[in-house]
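Peer 1: Sequence and predicted structure below; questions after.
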Amino acid sequence: MVDIYRMSDADRRTHAIAAAQQATEAAAELLRFAREGADVDGTFGEIEVVEKLLDATKIAIECLGEDDDSARYTSIYGDIRHEIAGWV
């Protein structure tokens with residue numbers, strides 16, 4: 001896990017931007033699918049919607065500090081990292 005307790009506020013903001021970008025791209029593709037249906041390349045075309053949402057969640061967890069009760073996300077963070085490790 002990224003040592004979230006040693007990240008600067010600037011690093012947390014940079015992580016937040018990355019998480020938002022991943023989530024936004026996934027959300028846009030979900031909306032496209034809802035309006036138009038499956039793409040010729042599959043349900044979501046070439047966009048890895050689930051991967052992007054999981055990555056956004058992982059990065060969002062990394063943004064949390066001790067005061068945010070981030071420890072409760074430790075197991076889910078590990079599961080997400082394990083799942084997306086094979087996608088890279």
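Peer 2: Right, received. Where do you want to start? Numbering: from 1, shown residues only.

Peer 1: Can you point out the buried residues in the lowest-mean-pLDDT helix or strand in the chain?
Peer 2: Across the helices and strands of the chain, the lowest-confidence element by mean pLDDT, DSSP states H and E is helix 74-85, at a mean of 90. Under the neighbour-count criterion of 16 or more other C-beta atoms under 10 Å, helix 74-85 has 77, 80, 84 buried. C-betas here are computed from N, CA, C, even on glycine.

Peer 1: which other residues reach it?
Peer 2: For helix 74-85, contacts defined as C-beta atoms under 8 Å, 6 or more residues apart in numbering pick out 1, 51, 54, 55, 57, 58, 61, 62.

Peer 1: Ok, stretch 50-65 next?
Peer 2: 1-2, 4-5, 7, 12, 15-16, 18-20, 22-23, 25-26, 70, 73, 76-77, 80-81, 83-84, 87.

Peer 1: Got a ChimeraX select line for the buried ones in the contacts of helix 74-85?
Peer 2: Here is the ChimeraX command that selects the buried residues among the contacts of helix 74-85 (16+ other C-beta under 10 Å):
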select :54,55,57,58,61,62
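
Peer 1: Lowest-confidence entry in the contacts of helix 74-85?
Peer 2: Least confident entry in the contacts of helix 74-85, by pLDDT: residue 1, with 48.

Peer 1: show me where the protein has helices.
Peer 2: Remark: helices assigned in the chain by DSSP state H are 9-36, 49-63, 74-85.

Peer 1: mind showing which ranges of this structure have poor pLDDT?
Peer 2: Regions of the chain meeting the criterion pLDDT under 70 cover residues 1-5, 88.

Peer 1: State the distance from the residue nearest in space to the middle of it to residue 11.
Peer 2: In the chain, the residue lying closest to the centroid (C-alpha atoms, centre = their mean) is residue 56, at 1.3 Å. Counting by C-beta to C-beta, to the nearest Å, the gap between residue 56 and residue 11 amounts to 17 Å.

Peer 1: Then residue 21?
Peer 2: Taking C-beta to C-beta, one finds residue 21 at 16 Å from residue 11.

Peer 1: same deal with residue 54?
Peer 2: 21 Å.
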